[in-house]
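K.L.:
requesting a structural model of the entry that follows:
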Amino acid sequence: MYKDMADKRMNEFQQVADAEYVYAEAADGSQIKMEWNNIIKKIIPKLLENKNFLPDNASLDTIENAFGYAYGYNDNSGIWGPFISFGAEGYQVQLKFDYKGEGIKFRVKYKDEDNNPQYTLWRAISFT
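P.N.:
Predicted coordinates for the structure are as follows:
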């Protein structure tokens with residue numbers, strides 16, 4: 001089986017929507033095989049910082065590309081629970097989930113006509 005694979009060029013590999021393993025090159029140049037789930041576990045922490053529990057008086061206004069748990073006191077969301085913030089180039093999307101699963105809210109950081117960053121108001125997401 002592997003003998004046949006060694007003869008294939010990478011541009012001849014079958015394209016798929018999902019895979020259990022990914023083949024890559026290690027820092028020393030050797031070929032490695034990694035489980036897809038392990039790759040995701042390594043990528044997410046590099047992209048998003050774990051803020052854990054934010055202090056009671058913390059605002060989410062300065063949080064970018066991170067996740068954690070926040071209270072609703074100073075972020076005006078009105079809910080306590082886990083949050084995730086992600087984006088690029090000064091634009092962010094923040095999602096906040098009620099700790100009991102009773103609600104989800106989001107807001108977006110954008111730049112106004114004078115290029116000043118600001119957040120929209122929190123908006124509820126509902127499912128029917």
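K.L.:
low-scoring pLDDT stretches of this structure, where are they?
P.N.:
Applying pLDDT under 70 to the chain flags the ranges 1-8, 43-46, 73, 128.
K.L.:
strands of that one, start to end?
P.N.:
21-25, 31-35, 49-53, 66-70, 81-88, 91-97, 104-111, 117-119, 123-125 (DSSP state E).
K.L.:
now these as a markdown table including mean neighbour count?
P.N.:
Quick note: C-beta positions are derived from backbone N, CA and C, even for glycine. Below are the strands of the chain laid out as a markdown table (neighbours: other Cβ atoms under 10 Å):
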| stretch | mean neighbour count |
| --- | --- |
| strand 21-25 | 11 |
| strand 31-35 | 11 |
| strand 49-53 | 12 |
| strand 66-70 | 20 |
| strand 81-88 | 16 |
| strand 91-97 | 18 |
| strand 104-111 | 17 |
| strand 117-119 | 12 |
| strand 123-125 | 11 |
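K.L.:
dump those strands into CSV; add distance to L60 as well.
P.N.:
As requested, those are exported to CSV (distance: least, Cβ to Cβ, whole Å):
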stretch, distance to L60
strand 21-25, 34
strand 31-35, 34
strand 49-53, 10
strand 66-70, 6
strand 81-88, 6
strand 91-97, 6
strand 104-111, 9
strand 117-119, 8
strand 123-125, 14
